[in-house]
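Undergrad: From the sequence below, what's the structure:
(chains A and B)
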Amino acid sequence: MQKQQCSNNLYRYRYFPFLVCFLISFSVFWSTDSLAQSNTAMDRTIEIKAISGLKYDKVRLAAEPGSTIRINLENDDEMIHNLLIVKPSTRMDVVKQAESMGEEGAENNYVPNSSDVLVSTPLLNPGEEASIIFEVPQEEGIYPYVCTYPAHGIVMYGAIYVTNSPDELPPIEEDPNIPEQVRDEMAASDSMHPYPLEMPTLTRLFMPESSPAAIAVGMEKDQSYNWDAGYSFLRYAWDGGYIDASDQWNDKAQEVAKVVGDIYYRNTTGFPFRISNPDSIPEPDFQGYRMVDGYPQFKYKMGDITVHELILPAEVTPGFQINYMLENVQEPIWYMLSDNDNVSIDFSEGEREGNRIKLTPEEAKEFTISIVSEE
Amino acid sequence: MSLVSRISSKAIPIAVVLLGVLLSSACQQEDMEPEGPAYSVETIKTPEGLSVESGGLDFLPNGRMIACFRRGEVMTYNPETEEWDLFAYGLQDPLWIKAVSDHEVYVMQRAELTRVTDTDKDGKGDLYETVTDDFGMSGNYAEFAYGPEIDEEGDFFISLNTASAMADVYNIMRGEFSPIGRKGRMYSAVPYRGWVLKVKPDGTTIPWASGLRSPNGLELDDEGNLFITDNQGDWLGTSKLYHIRKNHFYGHAPSLVWEEGFENIEPLELPVPVLDKMRTEAAVQFPHGFFVNSPTQPLIDRTGGKFGPFTGQMFVGEMNHKRIVRVILEKVQGVFQGATTSFIDSTGLNIGNNRLSFSPEGELWVGQTDHGWPGDQGIQKITWNGSVPMEVLNMSLTETGFELTFTKPVNPELASQPENYNFERYYYKYHQAYGSDRYGIKDIKVTGAEVSDDRKKVTLQLEELDSDFIYDMRIENLESESGDTLVHNRVYYTINRLR
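TA: Residues are numbered from 1 along each chain as shown, chains lettered A, B, ... in the order given. Sure thing, here's the model as predicted:
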């Protein structure tokens, strides 16, 4: 029992082979395609397994119109399964017909008498195998394959893309022609979490060039930034991805996370605010954040002033904008600008004084700083 | 956010407590003793994609379990539907969770103690408020943070792990850096590493006690006494359970660098006898290796009997054995001390037993982790089936020996034979080195064993009783009236004070 538990744990981390498996079969299939000499020769053999959880181990294949492929189905599950290849958009019809076969269903392998069914295996008991030959139609299209054993067909299926453009398939995690559960698992396998990683998101972990109290925020439009909760200011922003936390979340956490993409902006001034005097640096006190449409709105204090800071992707990217709301400002404040090459800075309120912006108490109540890469 | 994940799952009963299982488990490793048919262990199925490095476990008033995991997820689990839901995410290596309502939990992250609130009641936390971050972070991977336990006034107690000499500090740190504190095997280079802090609800943070190394577990008893476990290593000859009091120092030297009045003192240069005199000894010591390697969370059984005969006693998780231990405390001369023994070994339990929580039904849920160390990942629950195991329920020091109370009446003929009780005593040395051998090992003769009229108690006379020793008792040939043998026959009593 102990062993079984361990292997379950391992399995959770290993959805990649699933994907790799698909890619390998896919690419081999296509690379040998050009070697096909005639229609009578078998262009390719594909191995598919029925596995636990009402799934096929491969959920998407591509085939050249007019070719011939052999599919070997192995039932690696503890339940009975079959596999039918059906005409485009007829999967649910065929599934319903199979379910209405009643007592005759099992005798007929749950294969309904329908012109929508192109080819089928018999019902396979656990451990059994069967082969079918699929004469791939000339018409391009998405041909589902499905298990029609009662109650299986709703979730146990896959798709054969009959296409001359195998490179133009949608991303597998967004493909509506494969089961949702498998799509989620595919997406989750990259996320390192039990859910797909969607932007915006945030992760508190060790980041480079930061205090250990870093917050990595991933925004829409492939924009990300590191906000240092140890010092209450944005450290840097990058374009083209989010983070790779795999090394940090492996072992004991000796490694910092990696930035995925290119850093185009760095804070060179530290905490940006000055109160009443352009030379006095207040000491911020981090208070936390509130989620606003998935984005963290940070809150911190500097003396009696409370700052709310919400960072969003700019309209033009690479770039971002910081929306500030300050409470209880009694005196002028200054906002120090960082020195970055190839970055343009815009501000909604205040007056520029060299490398800083001066704001009246009224202006400081709500203002926006926009920072856009010019590269 | 559409990060909702609802994953239906089924618990896998992995311990069917049949005689056959017990017989076969008896052939396994030394630490896998059968505990009789009173308890069974089930593994909870967890969602695909979740790295089940359990950092914290608690129950919401609505009966759902809530747990936090290393990669920052906080998830709830409905034991009835076996569905998991995401409550919060993105937290930094959270290692404790405390639910105060269905919509509000406290989570200890590496960087801060955070209150996470679901203000719009949609099942997802949307407000993350920093309760305190008034302690340093050097970036060293071992700087974990634990707690809170919350006392009657609503004050929080948290504890901070020291850093490991196996890794350095970052260029950018949070808090003052002390080059002196950087010295040592486990070190305290930034404020309050190796300390317990008391935090007021308004965030005021008070350094409370020092001298801890790896305080991965806190518990408050009903009188407000705070107990914390610590892990064998430098300055700790063996693992311990401390009774934590304000301004006390518990022996791990580097944290003294943050003690008032120690500004110009190098703690590691202080003579060991000086430090020894300063320190407060543990309430209970856990003999190292064969019993405990790495104790985790202590948890008092407040189930009122739903979990068996041990109400009021304390369970403590253990990382390296398939074991939960039990602690029996008493006060002698005003000081806590007492006994510890195995509660459960094997029976399907994993190693890596990091977090404990009682469900409203009185099941003991166990969150496991490895986090790069020896351990396991997963969540299991231990259920009592209503039958009483034959165990040493209580062990109390007398003027001349110990009084043992059993869970069931004993066979008086066997129980009254002094040679059925074997005592060995020893101590672990206090020094800077890592761990300690056992010293002063000596067999102590039992000169008398008297069975009470109700046959539940046995009073032992020992030839010699001294403080500052562990009395390691092994009972042989003892049976209950109905012939049950003891499930666990070895109990370790730490004597700090004599009666």
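Undergrad: Ranking helices and strands of chain B by mean pLDDT, which lands last?
TA: helix B:19-25 (a mean of 30; mean pLDDT, DSSP states H and E).
Undergrad: helix or strand right after that helix?
TA: Once helix B:19-25 ends, the next helix or strand along the chain (criterion: DSSP states H and E) is strand B:39-44.
Undergrad: Residue B:301 touches residue B:324, doesn't it?
TA: No: at 11.2 Å, residue B:301 does not count as touching residue B:324 under the criterion of Cβ atoms under 8 Å. For the C-beta atoms, the positions are set from N, CA and C on the backbone; glycine is no exception.
Undergrad: Between these two, tell me which one has more neighbours.
TA: Set residue B:301 next to residue B:324 and count neighbours by other Cβ atoms under 10 Å in any protein chain shown: residue B:324 wins out with 24 against 21.
Undergrad: Show the pLDDT at that one.
TA: Looking at residue B:324, its pLDDT stands at 98.
Undergrad: where does it land in three-state SS?
TA: Of the three states, residue B:324 takes strand under DSSP: H, G, I helix; E, B strand; the rest coil.
Undergrad: got the contact list for it?
TA: Taking Cβ atoms under 8 Å, 6 or more residues apart in numbering or on different chains, we find residue B:324 in contact with B:315-318, B:342-344, B:349, B:353, B:356, B:364, B:366, B:382.
Undergrad: Name the member of the residues you listed with the most neighbours.
TA: When neighbours are taken as other Cβ under 10 Å, the top entry among the contacts of residue B:324 is residue B:353 (31 neighbours).
Undergrad: Touching, it and residue B:317? I think so.
TA: Yes: applying Cβ under 8 Å as the test, residue B:353 and residue B:317 come out as touching, 3.7 Å apart.
Undergrad: Quick check: neighbours shared by these two?
TA: Shared contacts of residue B:353 and residue B:317, defined by Cβ under 8 Å, 6+ apart, comprise B:296, B:324, B:366.
Undergrad: List just the nearest of these to residue B:69.
TA: Among those, residue B:366 lies closest to residue B:69 (Cβ to Cβ), at 14.4 Å.
Undergrad: tell me what whatever helix or strand residue A:62 lives in is packed against?
TA: Using DSSP H and E, the element containing residue A:62 is strand A:60-63. Counting by 3 or more Cβ pairs under 8 Å, 6 or more residues apart in numbering or on different chains; DSSP states H and E, the packing neighbours recorded for strand A:60-63 are helix A:16-33, strand A:157-162.
Undergrad: Name the strands paired with it and say parallel or antiparallel.
TA: strand A:157-162 (parallel) (DSSP bridges).
Undergrad: Can you name the element that comes right after the partner strand?
TA: helix A:180-191.
Undergrad: Dump whichever helix or strand comes after that following helix to PDB, keeping only the CA atoms.
TA: Per DSSP H and E, the first helix or strand lying C-terminal to helix A:180-191 is strand A:201-204. Extracted in PDB, the C-alpha atoms of strand A:201-204 (Å, rounded to 0.1, in the frame of the first residue of the first chain):
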ATOM      1  CA  THR A 201      -1.500  35.700 -11.000                       C
ATOM      2  CA  LEU A 202       1.000  36.200  -8.200                       C
ATOM      3  CA  THR A 203       3.500  34.200  -6.400                       C
ATOM      4  CA  ARG A 204       5.500  35.000  -3.200                       C
END
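Undergrad: Strand A:201-204 near chain B at all?
TA: Yes: Strand A:201-204 comes into contact with chain B (Cβ under 8 Å from any Cβ of the partner chain), by way of A:201, A:202, A:203, A:204.
Undergrad: in the next helix or strand after that strand, what's buried?
TA: Counting by DSSP H and E, the element after strand A:201-204 in chain order, helix or strand, is strand A:214-218. Within strand A:214-218, the residues scored as buried using 16 or more other Cβ atoms under 10 Å in any protein chain shown are A:214, A:215, A:216, A:217, A:218.
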